[in-house]
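> Attaching a predicted model along with its sequence, questions to come.
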Amino acid sequence: MFCLHKPSPTVLDNILQAQASLSPSYPNVGLTRNGNLPATGYHVHKAERCLGRGVESFERAASAMRDWRNFAVSYISLYPPAPSIAEGTDLVVCAHHVVMWSINVCRIMYVIDESDSKGKRFGFGYGTLPVYSEQGEERFLLSWNADSDQVTYEITAFSRPNSLLVRLGWPLAILIQNQFRLDSVAALSSSLTTG
C-alpha cells in the first residue's frame, strides 16, 4: 500500500487490526529460519558483516536488536515504535521513498534465541501479510562463534512483487531492498560504537 503522506497512528492501527486475522501472503512460512531459501520464483537477498569479537559484543548487539536499533534508518518507521520481538507479533514497516510512503504489514514468524558450546544466536524472521508491497520472508540473525570469537550480523530474505506498481518497478525495488540491508547492517554496527 502506498500513500503520499506519512500515515498516522490511527490509520496504522486500523490497518493492523484488519490484517491481524489474515494468513501470510506467501507459502514458504518459516523457510529462512535455518537459512533456507526457495529454489525458484523469488529474488534472494543477503547481507552480512562481522561486527566485532567476543561474547560481550554479541550481548550488546543482541540488546540493540531487541531495541530495533537495526531498523534505526532515516527513511524507515516502525509501528508500533517498539514491537515485541515474539512469534505472532504483527507490525508495520513504513518506508519513505522520496515522494511517497509504502505501508508494509508483516508478522514475526519465529524467534531464534539459542546458546550452546558452539556459540550463541539471536534473531527473528518476519513474513509478509497481504498489505505489503512484496511477498516473502526476511531473517535478521546475530551470531557469536565460540571458535572464531567472531560476532556476525546477517540478513537473509526472499521476495517477489505483491502489487502492479512494484512489479513494474521491480529492478528499483531490489535496489531499495539492498540499500535497506546495507543501512540495517550499518545501523547495528554503529549502535555498538555509540553505546
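Cool, got the structure. Numbering: from 1, shown residues only.
> Please, where are all the helices along this protein?
Using DSSP state H, the helices of the chain run over residues 9-19, 55-66, 164-168, 170-194.
> remind me which residues of the chain are low pLDDT?
In the predicted model, the chain carries pLDDT under 70 at residues 194-195.
> quick one: the strands in it?
Shown for the chain, the strands assigned by DSSP state E span residues 2-3, 43-53, 76-79, 90-97, 100-116, 119-128, 134-145, 150-161.
> Touching the third one from outside, list them.
Counting contacts by C-beta atoms under 8 Å, 6 or more residues apart in numbering, the residues outside strand 76-79 that touch it are 6, 9, 12, 16, 68, 71, 91-96, 180. For every residue, glycine as well, the C-beta is placed using N, CA and C.
> Let's see that with 10 Å instead.
6-9, 11-13, 15-16, 68, 71-72, 90-96, 101, 103-105, 180, 183-184, 187 (C-beta atoms under 10 Å, 6 or more residues apart in numbering).
> and it, which strands flank it?
Each strand paired with strand 76-79, and its direction, by DSSP bridges: strand 90-97 (antiparallel).
> The second one now?
On the basis of DSSP bridges, the sheet neighbours of strand 43-53 come out as strand 150-161 (antiparallel).
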